[in-house]
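[1] no FASTA, just this:
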Ligand SMILES: Nc1ncnc2c1ncn2[C@@H]1O[C@H](COP(=O)(O)OP(=O)(O)O)[C@@H](O)[C@H]1O
Ligand SMILES: Cc1ncc(COP(=O)(O)O)c(N)n1
């Protein structure tokens with residue numbers, strides 16, 4: 001049987017832990033056929049991002065149109081978008097092709113602190129992509145850059161969600177992985193009417209490279225299969241929890257979260 005399709009519009013991670021590599025294996029692990037519009041090639045390992053080269057914006061557009069016109073896209077997500085020009089091209093293309101539910105992970109920097117966006121491009125994500133998004137999934141650093149709100153507890157997480165919804169997405173997931181002083185990892189999902197707190201154990205590990213990409217891709221895979229946003233996010237949270245629990249060291253720096261458990265017992 002032909003599986004549902006999910007499109008990732010994102011960059012390549014040469015270290016294989018994040019970016020399109022994380023997205024494609026997460027789609028696979030969730031039973032969805034992965035499609036790709038590559039935006040950038042990063043030179044990256046467990047120690048950080050040594051550099052990147054972006055793909056020309058018209059080539060990003062052409063990739064999206066090629067797969068959408070022929071194969072059909074049941075849901076799509078963005079990761080690293082590199083430049084304001086690529087962001088504007090993606091926004092324009094989304095007005096011309098049908099991609100189903102659209103998840104925007106506003107990736108600004110790697111977890112090692114290296115920039116994955118040229119200057120001024122986060123503003124373009126906010127103005128061009130958030131209004132078109134079914135769901136946006138910022139982490140706490142991105143929340144601070146976008147709204148100025150520092151999330152330190154449940155009340156400020158709620159305030160951040162409200163501020164982010166003003167930018168026009170249907171739903172927002174304020175991820176709490178970087179919140180300090182909490183025993184659990186709490187992500188807050190809201191559409192401005194419902195406030196759904198998704199709580200799970202915080203695992204003791206340094207190896208969380210690719211965590212945000214994996215969560216957003218798992219959510220996108222569920223949306224491609226027809227789940228509602230709250231159900232897709234709940235399933236994504238369960239998926240990423242297991243991936244963090246089984247994360248492994250690789251290289252001298254930060255290792256990747258692991259989807260290998262999804263293959264079943266070896
Ligand atoms: N140590 C951890 N244990 C369990 N879950 C975690 C841990 N760190 C992050 N998560 C979860 O992984 C997902 C990614 O979160 P976060 O780290 O906030 O985003 P990002 O990877 O984009 O920086 C969230 O669902 C978060 O709750
Ligand atoms: C190509 C690419 N896309 C996204 C990330 C963010 O992932 P992380 O925050 O885990 O470094 C990354 N490092 N590289």
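    Sure thing, it's come through. What you are looking at is a predicted structure, and each value in this text was computed from that prediction instead of being measured. Ligands and ions are numbered 1, 2, ... in the order given.

[2] ok, whatever residue of the stretch 151-266 of the chain ends up closest to ligand 2 to residue 151 distance?
    Nearest residue of the stretch 151-266 of the chain to ligand 2: residue 209, at 4.4 Å (C-beta to the nearest ligand atom). (C-beta placed from N, C-alpha, C; glycine too.) Distance from residue 209 to residue 151, counting by C-beta to C-beta, to the nearest Å: 22 Å.

[3] which residue sits closest to the residue of the stretch 1-150 of the chain found nearest ligand 1, ignoring its sequence neighbours?
    For the stretch 1-150 of the chain, the residue closest to ligand 1 is residue 139, as judged by C-beta to the nearest ligand atom, at 3.5 Å. Nearest residue to residue 139, sequence neighbours excluded (C-beta to C-beta, 6 or more residues apart in numbering): residue 175, at 4.9 Å.

[4] quick revisit: neighbour count winner among residue 209 and residue 151?
    residue 209 (28 against 25; other C-beta atoms under 10 Å).

[5] list the contacts for the more buried one?
    Contact partners of residue 209, counting by C-beta atoms under 8 Å, 6 or more residues apart in numbering, are 15, 17-18, 46, 111, 254-257.

[6] and if we set it to 6 Å?
    17-18, 254, 256 (C-beta atoms under 6 Å, 6 or more residues apart in numbering).

[7] for residue 159, same thing?
    Taking C-beta under 6 Å, 6+ apart as the test, what residue 159 contacts is residue 149.

[8] quick check, the helix or strand hosting it touching ligand 1?
    Assigned by DSSP states H and E, residue 159 belongs to helix 154-165. No: Helix 154-165 is not in contact with ligand 1 by C-beta under 6 Å from any ligand atom; minimum separation 11.1 Å.

[9] ok, residues contacting the longest helix along the chain?
    What stands out as the longest helix in the chain, according to DSSP state H, is helix 229-245. Identification of contacts with helix 229-245 by C-beta under 6 Å, 6+ apart yields 135, 171, 173, 189, 196, 198, 200, 203, 214-215, 218-219, 222-223, 257-259, 261.

[10] would residue 90 count as being in a helix?
    Yes: counting by DSSP: H, G, I helix; E, B strand; the rest coil, residue 90 is found in a helix.

[11] Check it and give its pLDDT.
    On pLDDT, residue 90 comes in at 98.

[12] how much space between it and residue 10?
    11 Å.

[13] re the thing from before, return only those of the contacts of helix 229-245 found close to ligand 1.
    200, 203, 215.

[14] Can you flag which of these belong to helices?
    residue 215.

[15] Make JSON lines from the ones next to ligand 1 among the contacts of helix 229-245 and add distance to ligand 2, neighbour count and pLDDT to it.
    Formatted as JSON lines, these follow (distance: C-beta to the nearest ligand atom, whole Å; neighbours: other C-beta atoms under 10 Å; pLDDT from 0 to 100):
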{"residue": "200", "distance to ligand 2": "18", "neighbour count": "17", "pLDDT": "95"}
{"residue": "203", "distance to ligand 2": "15", "neighbour count": "16", "pLDDT": "96"}
{"residue": "215", "distance to ligand 2": "10", "neighbour count": "29", "pLDDT": "98"}
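
[16] before we move on, the earlier item: what about the helix or strand that comes right after the helix holding residue 159, distance to the chain center?
    Next in sequence after helix 154-165, counting helices and strands by DSSP H and E, comes strand 171-174. Put simply, strand 171-174 sits 12 Å off its chain's centre (C-alpha atoms, centre = their mean, to the nearest Å).

[17] who does the next helix or strand after strand 171-174 pair up with?
    Toward the C-terminus, strand 171-174 is succeeded by strand 184-190 as the next helix or strand (DSSP H and E). Applying DSSP bridges, strand 184-190 is found paired with strand 171-174 (antiparallel), strand 195-201 (antiparallel).

[18] Now do the buried residues in strand 184-190.
    By neighbour count on 16 or more other C-beta atoms under 10 Å, the buried set for strand 184-190 is 185-190.

[19] so which two of the residues you listed are the farthest from each other?
    Pairwise distances across the buried residues of strand 184-190 peak at 17.1 Å for 185 and 190 (criterion: C-beta to C-beta).

[20] Which single residue in the stretch 101-250 of the chain comes nearest to ligand 2?
    Of all residues in the stretch 101-250 of the chain, residue 110 sits closest to ligand 2, at 3.5 Å by C-beta to the nearest ligand atom.
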